[in-house]
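Peer 1: need a 3D model of the sequence below.
(one chain, ligands or ions: 3)
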Amino acid sequence: MTKLLETLDSPADVRKLSQHQLKMAATELRAFILDSVSRTGGHLSSNLGTVELTLALHHVFNTPHDRLVWDVGHQSYPHKILTGRRGDMPGLRQQGGISGFPRRSESEYDAFGTAHSSTSISAVLGMAVASRNLNIDRQHIAVIGDGSMTAGMAFEALNNAGVTPGVNVLVILNDNDMSISPPVGALNRYLARLLSGGFYRDAKNVGRAVLEHMPAPVLDIARRVKGHAKGMISPATLFEELGFNYVGPIDGHDMDSLVPTLQNLRELGGLQFLHVITKKGQGYKLAEADPILYHGPGKFDPELGIQKPSGPGKQTFTQVFGSWLCDMAQQDSRLIGITPAMREGSGLVEFEKRFPQRYFDVGIAEQHSVTFAAGVACEGLKPVLAIYSTFLQRGYDQFIHDVALQNLDVTFALDRAGLVGADGATHAGNYDIAFLRCIPNMVIATPSDENETRLLLSTCYQHAGPASVRYPRGSGIGAQVAPELDVVELGKAVVRRKGEKLAILAFGTLLHAAAPVAEKLNATLVDMRFVKPLDEALLLELMQSHQQLVTVEEGAIMGGAGSAVAELMHANGLCCDLLQLGLPDVFIDHGDQAGLLAGVGLDAAGIEQAIARRFGQPPAN
Ligand SMILES: Cc1ncc(C[n+]2csc(CCOP(=O)(O)OP(=O)(O)O)c2C)c(N)n1
Ligand SMILES: CC(=O)[C@@H](O)[C@H](O)COP(=O)(O)O
Ligand SMILES: [Mg+2]
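Peer 2: Ligands and ions are numbered 1, 2, ... in the order given. Purely as a prediction, here's the structure:
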């Protein structure tokens, strides 16, 4: 028998469904997502939680004419499936396949590209202003999670919206009481109070009885009645104070609540705020029980669930960092560990357990995390901010103005530096070398393996000023990590192989892709260790003793470590043949990490070919 889901090729089909069919579709859609994500990997828990909401939204609103923006977009798989991409799901997050996030270039239903959180309200407000000024009648909907709602940017947008006349903006707060890890902060407590108080009953009455199927002229009265009723039970919500009409909380898995409430809100227009309660992992017991484990799993068998690896595998760089942090904290009571909402991803789970008083998850608030670290450093403690390279982009001004300018002692552990794989261009950490190295007072370390990561973390931590250590997603060559907390000389490179004529200068883990090439070409191979300060003495010597230099880095070529070498060369009036290898000036899509690196010529074969292309045959010795 044809499944209902297979007949839903676009939202136009969803709009025709009866209430009963919507519920059937939800069951099928949930099963489809579980099956599909278990085969590809991806963000499971959040998508299981948005099944009913997505169906209801496409049922009630006239997408794509009405604009629907998914904050972060990691919960947009039901939306992708219902907007003509059901057949593309087997290629999700794989090279050549569809993205794990909404993308304007992928579908007209993806009104805005997302992946970094808390942009949705700003984006829909911008769209709403444009619609107003162009006299276009449409609705603009932002679906934002409770975790993403904690970011300053979301509040900047609410603040702006509250005084913007004549716009239709519906903010749907998808509150599952979870970020990736348990949510933090006072806002979370506030949302819990909204849920637990008499408000819930009032909102239910409002959603179901007062506003349900009400003709437009009566709505104004209803709104006033609602306001009055709320006033009697509890003071106005924060969102009302900011100029929105707050409705909810309602059950985000109950189609009978969702559909009429959304229909009513569609008719109301203006600034509307709907608080929806959902469950992360809804409908799949294992994910409901452990939404963190199922937040973004790889492939797994849905019957068995995610299995623990049988033997000890290679340590990831994240794990190397996590162990180093605990060891250093044990030795130095001044150490403070900070994460902007990425406890698991950044390797801080153990640190939180062992040093709860010194652990700070500040929420999805990267800008704040940087300035918070600056404040901690002002008082003589030693903050270590564990942050993904891509998310540090959010805190750039804070980095310059609050940390570097005051030469404060903050260590930045930059995880996910370089290409990250399945998350794609939005999450790639390609720019940190370029955007950090132009800042005075900065130290930038690029460890080449696991042991180097520990050494350089200790070195940067002991350095009394801002310093960053960048390391990629996943594991490296599996180097043995010495348990000591040794340091190396700041700005000193290590010559790994002495050769002639050609010198390969490697910044980071690509040293190991370059090593066989150096061997084959009898080239000098240097583990540069630091982008800043550069080992100028060694470089100047190499520029004179070698005819050709090649720099290799997993970061943007423009402004990257190779550019630092070029600047040094020019500043000293030297002229050497210099080939800069790194990430080209394009956004690199999702795919397998190693495959992507090979695709841009950053594996051994690619490095060898680039050298041959540029310098011709290997120089005769
Ligand atoms: C600026 C930014 N910081 C961090 C992240 C990583 N991140 C992705 S989803 C997520 C949790 C979001 O929580 P919420 O919005 O409540 O959605 P849920 O996962 O609960 O569905 C985080 C921290 C991100 N995508 N963007
Ligand atoms: C959506 C999001 O931003 C995170 O869930 C991210 O996908 C995590 O990436 P890692 O898997 O590299 O921790
Ligand atoms: Mg949440």
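Peer 1: next, count neighbours for the nearest residue to L574 once chain neighbours are set aside.
Peer 2: Take L574 and drop its neighbours on the chain: the residue closest to it by C-beta to C-beta, 6 or more residues apart in numbering is M543, 4.7 Å away. (C-beta placed from N, C-alpha, C; glycine too.) Residues lying near M543 (other C-beta atoms under 10 Å) number 19.
Peer 1: what's the answer for R496, then?
Peer 2: 16.
Peer 1: what residues are up against it?
Peer 2: L511, A515, A518, L525, V526, D527 (C-beta atoms under 8 Å, 6 or more residues apart in numbering).
Peer 1: off-centre distance for stretch 383-397?
Peer 2: Relative to the centre of its chain, stretch 383-397 is centred 11 Å away, using C-alpha atoms, centre = their mean, to the nearest Å.
Peer 1: which residues in the stretch 501-621 of the chain form helices?
Peer 2: Using DSSP state H, counting those that start in this stretch, the helices found in the stretch 501-621 of the chain span residues 511-521, 536-545, 561-571, 593-599, 604-615.
Peer 1: ok, the contacts of R496 vs V565, which is closest?
Peer 2: When those are ranked by distance to V565 (C-beta to C-beta), V526 comes first, at 10.5 Å.
Peer 1: quick revisit: show me the one of the helices of the stretch 501-621 of the chain that comes nearest ligand 3.
Peer 2: Ligand 3 sits nearest to helix 593-599 of all the helices of the stretch 501-621 of the chain, at 27.2 Å, using C-beta to the ion.
Peer 1: which of the residues in the closest one are buried?
Peer 2: Neighbour counts using 16 or more other C-beta atoms under 10 Å place Q593, L596, L597, G599 of helix 593-599 among the buried residues.
Peer 1: again, but for stretch 345-354
Peer 2: G345, S346, G347, L348, F351, E352.
Peer 1: quick one: average pLDDT of it?
Peer 2: Stretch 345-354 shows a mean pLDDT of 98.
Peer 1: anything in that stretch near ligand 2?
Peer 2: Yes. Applying C-beta under 6 Å from any ligand atom, one finds stretch 345-354 touching ligand 2 at G345.
Peer 1: how far off centre is that stretch?
Peer 2: The answer for stretch 345-354 is 18 Å, by C-alpha atoms, centre = their mean.
Peer 1: span of it from start to end?
Peer 2: End-to-end distance of stretch 345-354 (C-alpha to C-alpha, to the nearest Å): 18 Å.
Peer 1: show me what it is in contact with.
Peer 2: 180, 316, 318-319, 321-323, 325-326, 329, 337, 339, 342-343, 358-359, 361, 386-388, 413, 415-416.
Peer 1: quick one, what contacts L510?
Peer 2: V552, E553, E554, L602, I607.
Peer 1: bridge partners for the first one, pull those for me.
Peer 2: According to DSSP bridges, the partner residues bridging V552 are A506, L581.
Peer 1: in this structure it contacts A503, no?
Peer 2: No. Assessed by C-beta atoms under 8 Å, V552 is found out of contact with A503, at 11.1 Å.
Peer 1: any figure for the gap between G42 and L304?
Peer 2: 18 Å (C-beta to C-beta, to the nearest Å).
Peer 1: who has more neighbours, those two?
Peer 2: Using other C-beta under 10 Å as the criterion, G42 and L304 rank with G42 on top: 23 against 8.
Peer 1: smallest distance to ligand 3 belongs to which residue of the stretch 501-621 of the chain?
Peer 2: As assessed by C-beta to the ion, ligand 3 sits closest to H590 within the stretch 501-621 of the chain, at 23.0 Å.
Peer 1: many thanks, have a good one.
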